[in-house]
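K.L.:
Here's a sequence, model it:
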Amino acid sequence: MGFDKNILDDLAISQSEYKLILQRLGRVPNRLELGLFGSLWSEHCGYKHSKLLLRLFQSKNNRLIVKAGDENAGVVDIGDGLAIVFKIESHNHPSAVEPYEGAATGVGGIVRDILAMGARPIALLNSLRFGPLDHERNRYLFEGVVSGISGYGNCIGIPNIGGEVGFATSYTGNPLVNAMCIGLVEIKNLVRATSGDKGNVLLLVGSGTGRDGIHGASGLASRTFEEDRELRPTVQVGNPFLEKILIESCLEAVQTGLVDGLQDLGAAGLTSASVECASNGGTGIKLFMDKIPLRDDGMEPYEIMLSETQERMLLSVKRDNLNRVSQVFDKWDVENTVIGQVVDGDAIELIEEDVTKGHIPINLLTDPPLYRPDGIKPDYLKDLQSYELDRVPLPTASPSAVFLDLIASPNISSRVSVYRQYDHQVQTNTVIPPGNEAALLRIKGTSKGLSAATDGNSRACYLDPFVGGVISVAEACRNVSCTGAEPIALTNCLNFGNPENPEVYYQLEHCVRGIVSASESFDAPVISGNVSLYNETGNKSIYPTPVIGAVGLTENVSRHCDIAFKEVGDIVVLLGASMVAGYASSLAGSEYLEVIHNLVAGQPSIDIDKELSVQAACRRLISEGLVKSAHDCSDGGLAVAIVESSIQGDLGFGGTVEIEGRWDAALFGEDQSRIVVSINHKDLDLCSSVCEEYSVEWCVLGNVQEGRFSFSGLIDLPMSQLSEIWTQSLERLAGG
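P.N.:
This is a model prediction of the structure:
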């Protein structure tokens, strides 16, 4: 017996992979067994085109308790018996089909990944990408995704403290929705996704199992979009109110010390959760299909095992401890049912009414074929990288007019219309809220603080994948450093097109190598992450978009900075440069170049040693209380960084510094490794001494003033006008 192409296609199993299944299994699988292979050998679960690259993320960092790939999320020791658990994950394809539910269940899924480690989720962040908002479908996706994040996140009692939103034509029809969660746990309470010992029972808790999400991992997240394919049934539907009590009940159960293993039911549902636990535990398992609580009538074992119904967790518990653990869930009115047991052997056996419906060795399911295609450098890169940017004409419009156009860009203008929909104060730990480049949380009962940011420079990655990978890490870490915290660990979400395309695989491989290089330079290990491939619509790939989540630690949360100017008369200083120079090379991949000249070209660059020194000096200045604000220079360059600090502080800026070279590059070039800080004039000498100690160049830009923004005779505009445009542009675009 064989399976026709349509069935294999539904499961994203190629003909060669099907032959490999037959060879390894030694027989023809039945439909249920084939469904298990399809889910666990999918790109989404099996990482077939990326696992070999991900092995480059190795680290011997002393803080690491659980490293990348070993569990649902990595774990980092922050002292005092505490650890943080964090991870970022994509929900791109579901959000493209049903934006509200796709984004909502993306939040729910990443929260359960953190919960599965026994950690209390304490913060959410996100990174979003959409096509231009002059396209009605893109506006629909944008509105639905933001509503889904807020609609789910605001109900579960976890603050949404930060993130980023970007726009580019390549994301039209294929938005990126990357959700990040941070958890806090006492190290002694860490749990793992394991089956535990022989004789343990498997307890399924949470929602009843329905038909939503079937083929989500294989049929939706592991292939490109096809116009004639109906995908809505593969998108899950979330229940945030159930998730909230699931969080509390699972944490209370963990506190009893009687839970041997804990795993969430995410992609591939019960299939993935049970097989991963058995694999980690080195045991066999039996699952009883007729014991599983169902939400829909007449469900077959195939549907039960592949369902991706949300708000479900799987626990492994010793039989003697079952009553006490069940009492915890009964108290919270959370359904909990024994659905299986841990047995000798190395196989998963699926039983319905005492009849074996499927029997497969665990190691076959967890060992998909791995591919390492030969990447080919795209032909277009040579021309783009060698583009003579010094031949780009200066705008005919005035610098002030160009500045107004730039701050109205959806990639630069305020995200207040987005983050005001998110609850960022629940749990009462938020010190630096959304609206800054990074957020900051206090850790109750200690003097410590955690800073977090998400960042991804997709234009730089498009122009040079390796350098773009380095820049993405550097920018995320720079944002964290600007709060006063030291970056200690990273997570990443690798969003790319079809890896079977040699040019896309080139992008993926070189971005990974860039991230590895930067991670090693910062001594900030990549502890977790996710790979989302096949992000294409109509054979057009998205920009290569590695999103970096950086988390930093400060031992003194009271010594911190946000981006806002604080007081009239303060001196504004640029760290990382001895002058304001306008070199054409700084325009490579800049927002200015695309907005004003409709051009994406040039060779991005970064000096990582300079980057490390500038960030270290900034953190030192903050720790000694010498700076009042700190803001990195990135999208839009120097002028945009200064005006954002001005607007956030409800103040202005006046600078008369001499500019060398092109005025457009000086104002809007995106040279890396620069931070704008404001200080009291009496502390200038002390700041100079710190910069000298770290061999960091610096220069005075001007002073904080009221009412106007003036820059060296090039720009002179009222702050009221700048604030209105910057604050309202994105909301107006989103409204059509």
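K.L.:
Flag the shaky bits of the stretch 151-300 of the chain, pLDDT-wise.
P.N.:
216-234 (pLDDT under 70).
K.L.:
if we go to 90?
P.N.:
Scanning the stretch 151-300 of the chain for pLDDT under 90 picks out 211-238, 267-268.
K.L.:
Find the helix or strand that the residue positioned nearest the centre of the chain is a member of.
P.N.:
The chain has residue 88 as the residue nearest its centroid, 3.9 Å off, counting by Cα atoms, centre = their mean. With secondary structure defined by DSSP states H and E, residue 88 is part of strand 82-90.
K.L.:
Which secondary structure elements does that strand sit against?
P.N.:
Here strand 82-90 touches strand 74-79, helix 99-115, strand 176-186, strand 449-455, strand 486-495, strand 526-532, strand 545-554, going by 3 or more Cβ pairs under 8 Å, 6 or more residues apart in numbering; DSSP states H and E. To be clear about C-beta, it is placed using only N, CA and C from the backbone, and glycine gets the same treatment.
K.L.:
Try it again at 7 Å.
P.N.:
strand 74-79, helix 99-115, strand 176-186, strand 486-495, strand 526-532, strand 545-554 (3 or more Cβ pairs under 7 Å, 6 or more residues apart in numbering; DSSP states H and E).
K.L.:
out of the ones you listed, which comes closest to residue 308?
P.N.:
helix 99-115 (8.5 Å; Cβ to Cβ).
K.L.:
Dump the C-alpha coordinates for the closest one into CSV.
P.N.:
What follows is helix 99-115, C-alpha atoms only, in CSV (Å, rounded to 0.1, in the frame of the first residue of the first chain):
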residue,chain,number,x,y,z
PRO,A,99,-4.1,37.8,11.4
TYR,A,100,-6.0,38.2,14.7
GLU,A,101,-5.9,34.5,15.6
GLY,A,102,-2.5,33.9,14.1
ALA,A,103,-0.9,36.7,16.2
ALA,A,104,-2.9,35.8,19.3
THR,A,105,-2.0,32.2,19.3
GLY,A,106,1.6,33.2,18.6
VAL,A,107,1.6,35.0,21.9
GLY,A,108,-0.1,32.0,23.7
GLY,A,109,2.4,29.5,22.2
ILE,A,110,5.6,31.4,23.2
VAL,A,111,4.2,31.9,26.7
ARG,A,112,3.7,28.1,27.1
ASP,A,113,7.2,27.5,25.9
ILE,A,114,8.5,29.5,28.9
LEU,A,115,5.9,28.0,31.2
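K.L.:
my guess is residue 457 contacts residue 476, does it?
P.N.:
No - between residue 457 and residue 476 there is no contact under Cβ atoms under 7 Å: 9.6 Å.
K.L.:
rewinding a little: distance of the residue nearest to the centre of the chain relative to residue 490?
P.N.:
9 Å (Cβ to Cβ, to the nearest Å).
K.L.:
Now do the shared contacts for the two.
P.N.:
By Cβ atoms under 7 Å, 6 or more residues apart in numbering, residue 88 and residue 490 have these common neighbours: residue 549.
K.L.:
For the residue nearest to the centre of the chain, give me its contacts.
P.N.:
178-180, 491-493, 529-530, 547, 549 are the contacts of residue 88 under Cβ under 7 Å, 6+ apart.
K.L.:
what's downstream of the strand holding residue 88, the next helix or strand?
P.N.:
helix 92-97.
K.L.:
Centre of the chain to that following helix, how far?
P.N.:
Relative to the chain's own centre, helix 92-97 is displaced by 15 Å; criterion: Cα atoms, centre = their mean, to the nearest Å.
K.L.:
name the helices or strands packed onto that helix?
P.N.:
helix 99-115, strand 176-186.
K.L.:
and these as a markdown table, adding distance to residue 170?
P.N.:
Output for the helices and strands packed on helix 92-97, formatted as a markdown table (distance: least, Cβ to Cβ, whole Å):
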| stretch | distance to residue 170 |
| --- | --- |
| helix 99-115 | 18 |
| strand 176-186 | 10 |
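K.L.:
which one of these lies closest to residue 153?
P.N.:
Between those, helix 99-115 lies closest to residue 153; by Cβ to Cβ that is 5.1 Å.
K.L.:
returning to that earlier point: any idea of the angle the strand holding residue 88 forms with strand 74-79?
P.N.:
150 degrees (axes from the mean of the first three to the mean of the last three Cα atoms, to 10 degrees).
K.L.:
picking up where we left off before, and the contacts of residue 88, which is closest to residue 358?
P.N.:
Taking the contacts of residue 88 together and measuring to residue 358 by Cβ to Cβ, the closest member is residue 530, at 28.1 Å.
K.L.:
Kindly confirm whether my reading is correct that the closest one touches residue 493.
P.N.:
Yes - here residue 530 lies in contact with residue 493, judged by Cβ under 7 Å, at a distance of 4.9 Å.
K.L.:
Common neighbours of the two, please.
P.N.:
In contact with both residue 530 and residue 493: 88-90, using Cβ under 7 Å, 6+ apart.
K.L.:
Relative to residue 286, how far out is the residue lying farthest from the centre of the chain?
P.N.:
Computed with Cα atoms, centre = their mean, the residue of the chain farthest from its C-alpha average is residue 354, at 43.9 Å. Per Cβ to Cβ, residue 354 is found 11 Å from residue 286.
K.L.:
what's the answer for residue 340, then?
P.N.:
Distance from residue 340 to residue 286, by Cβ to Cβ: 5 Å.
K.L.:
Ok, residue 372 next?
P.N.:
Counting by Cβ to Cβ - residue 372 and residue 286 are separated by 36 Å.
K.L.:
For the helices and strands packed on strand 82-90, give me TSV that also has mean neighbour count and distance to residue 131.
P.N.:
Formatted as TSV, the helices and strands packed on strand 82-90 follow (neighbours: other Cβ atoms under 10 Å; distance: least, Cβ to Cβ, whole Å):
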stretch	mean neighbour count	distance to residue 131
strand 74-79	21	32
helix 99-115	27	13
strand 176-186	26	11
strand 486-495	27	14
strand 526-532	27	17
strand 545-554	28	13
